[in-house]
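Asker: quick one: sequence plus predicted model below, questions after.
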Amino acid sequence: AQSVTQPDARVTVSEGASLQLRCKYSYSATPYLFWYVQYPRQGLQLLLKYYSGDPVVQGVNSFEAEFSKSNSSFHLQKASVHWSDSAVYFCALSIGNSGTYQRFGTGTKLQVVP
Amino acid sequence: ETAVFQTPNYHVTQVGNEVSFNCKQTLGHDTMYWYKQDSKKLLKIMFSYNNKQLIVNETVPRRFSPQSSDKAHLNLRIKSVEPEDSAVYLCASSFDRYEQYFGPGTRLTVL
């Protein structure tokens, strides 16, 4: 069955520290993978995406993610977080063909503290 | 820059009433979606629609129905709302299975 797992419901990091948010997926075919961010009272915004090719993908605001087929993972990383990065982050897997939808993880709430 | 528009932003209603939410996208996408986001931020797909095919999540109660006039619009109607319908409803659009663009959401409160 297709699924996305984000094992960490909450992550707290100090401003300026590095960050990794974990995402594991389960999908038998070639995955299209995404990370989205949701700020309070807003919709989701795309951070980055992976379709194929280089397993390390760059996104907005210096975020990057690494795709690992062997580990079925797509972890999100940032070298130095800022307080404005505090938000909820969703990993998503696109499944099926035209007209079907993305399956989202449960989200990780990131809090950046001084 | 907002390209997926939702109205209203908020709606408060009583149990048993009918409500409709509007969604419009200006991106020229071929597929639109409705998601329900609960108080714990969990996202649940309700419908996806691409002019050719409507896919309904079988767990969605029958009182929910999508309405589309063209590929740029996908509205959501709820007949006879219930307390558990209180949530944020997010509309999104995409080209096929590629990245989705989301609207700001409509927050529904059922009293």
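Answerer: Good, I have the coordinates. All values reported here derive from a predicted model rather than from experimental measurement.

Asker: looking at chain A, which residue is nearest chain B?
Answerer: The minimum distance from chain A to chain B, using Cβ to the nearest Cβ, falls at A:G43 (3.5 Å). Every C-beta, even on glycine, is put in place using the N, C-alpha and C of the backbone.

Asker: quick one: the residue nearest to that residue when sequence neighbours are not counted from A:V60, how far?
Answerer: Leaving aside its sequence neighbours, A:G43 sits nearest to B:F102 (Cβ to Cβ, 6 or more residues apart in numbering or on different chains; 3.5 Å). Applying Cβ to Cβ, to the nearest Å, the value for B:F102 to A:V60 is 15 Å.

Asker: more neighbours: the two, which one.
Answerer: For the pair B:F102 and A:V60, the greater number of neighbours falls to B:F102 (24 against 10), based on other Cβ atoms under 10 Å in any protein chain shown.

Asker: in the sheet, who's paired with that one?
Answerer: B:F102 has these beta-bridge partners by DSSP bridges: B:A92.

Asker: what ranges do the strands span in chain B?
Answerer: B:4-7, B:10-13, B:19-25, B:31-37, B:43-49, B:54-56, B:64-67, B:75-78, B:87-94, B:101-102, B:106-110 (DSSP state E).

Asker: quick one: distance of the first one to the chain centre.
Answerer: What that stands for is strand B:4-7. Offset of strand B:4-7 from its chain centre (Cα atoms, centre = their mean, to the nearest Å): 10 Å.

Asker: cool, and the fourth one?
Answerer: Here the centre of mass of C-alpha atoms in strand B:31-37, compared against the chain's by Cα atoms, centre = their mean, lies 5 Å away.

Asker: what residues sit buried inside that strand?
Answerer: In terms of neighbour count (16 or more other Cβ atoms under 10 Å in any protein chain shown), strand B:31-37 has its buried residues at B:T31, B:M32, B:Y33, B:W34, B:Y35, B:K36, B:Q37.
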